[in-house]
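In: heads up, no residue letters with this:
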């Protein structure tokens, strides 16, 4: 069992993010968990006065990489491109190998997006054995993964700006 890393919540380097833009792409499946991930992310973004936030819902975790890529492509040249994309999902292990296939595909899809797109795609997918483990990641023993995803997105936007790669 891993412990929660509080250093992730250290907001060093997150300055002047009021003009940052973030899109959350999230699933319909396990909506109780997903709604809290999105709410925690929204709270953290509000804390840093980020107001350019869009949300896109997809049926399941397998569809997340496609939707993230489509969002980026559809906003190119519009001035609405996000500085970061956050993908939220919750895959709970069942009795079949479906869990393994979905988790592997989503992980590889998000990785490919991080290598292809000029903005970071934050991995906010919970891969858990049961609902209790998911709840532990919504403010329990393992922190709040929605809040952590927001902080990660802002840190990556700050990094992009520091490197002079983007104005998103």
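Out: That came in fine, so what should we check first? Since the model is a prediction, treat every value here as computed from it, not as a measurement. Numbers count the residues shown, from 1 in each chain.
In: separation between residue 78 and residue 87?
Out: 21 Å (C-beta to C-beta, to the nearest Å). For glycine as for every other residue, the C-beta is placed from the backbone atoms N, C-alpha and C.
In: neighbour count: these two, which is higher?
Out: Neighbour count, other C-beta atoms under 10 Å: between residue 78 and residue 87, residue 87 has more, with 26 against 7.
In: so what's that one closest to, chain neighbours aside?
Out: Nearest residue to residue 87, sequence neighbours excluded (C-beta to C-beta, 6 or more residues apart in numbering): residue 64, at 4.5 Å.
In: any idea how far residue 61 is from the most centrally placed residue in the chain?
Out: Closest to where the C-alpha atoms of the chain average out (C-alpha atoms, centre = their mean) is residue 86, at 2.6 Å. Distance from residue 86 to residue 61, counting by C-beta to C-beta: 14 Å.
In: quick check, pLDDT for residue 19.
Out: Residue 19 carries a pLDDT value of 94.
In: and it, that one's in a strand?
Out: No - counting by DSSP: H, G, I helix; E, B strand; the rest coil, residue 19 is not part of a strand but coil.
In: what's around the residue nearest to it when sequence neighbours are not counted, how many residues?
Out: Counting by C-beta to C-beta, 6+ apart, the nearest residue to residue 19 once its immediate chain neighbours are dropped is residue 52, at 7.3 Å. Using other C-beta under 10 Å, residue 52 has 15 other residues around it.
In: which residues does residue 52 bridge with?
Out: Assessed by DSSP bridges, residue 52 has beta-bridge partners residue 21.
In: wait, it sits on residue 21?
Out: Yes - with contact defined as C-beta atoms under 8 Å, residue 52 counts as touching residue 21 (3.8 Å).
In: shared neighbours of these two, anything?
Out: The contact sets of residue 52 and residue 21 overlap at residue 82 (C-beta atoms under 8 Å, 6 or more residues apart in numbering).
In: any regions of this structure where pLDDT drops low?
Out: Scanning the chain for pLDDT under 70 picks out 1-13, 165-168.
In: helices of that one, residue ranges please.
Out: Remark: helices assigned in the chain by DSSP state H are 31-47, 64-75, 98-116, 131-136, 145-162.
In: ranking these by burial, who's on top?
Out: helix 145-162 (a mean of 22; mean count of other C-beta atoms under 10 Å).
In: where's residue 55 relative to residue 39, distance?
Out: Distance from residue 55 to residue 39, by C-beta to C-beta: 11 Å.
In: kindly report the same for residue 90.
Out: 14 Å.
In: before we move on, what about residue 65?
Out: According to C-beta to C-beta, residue 65 and residue 39 sit 23 Å apart.
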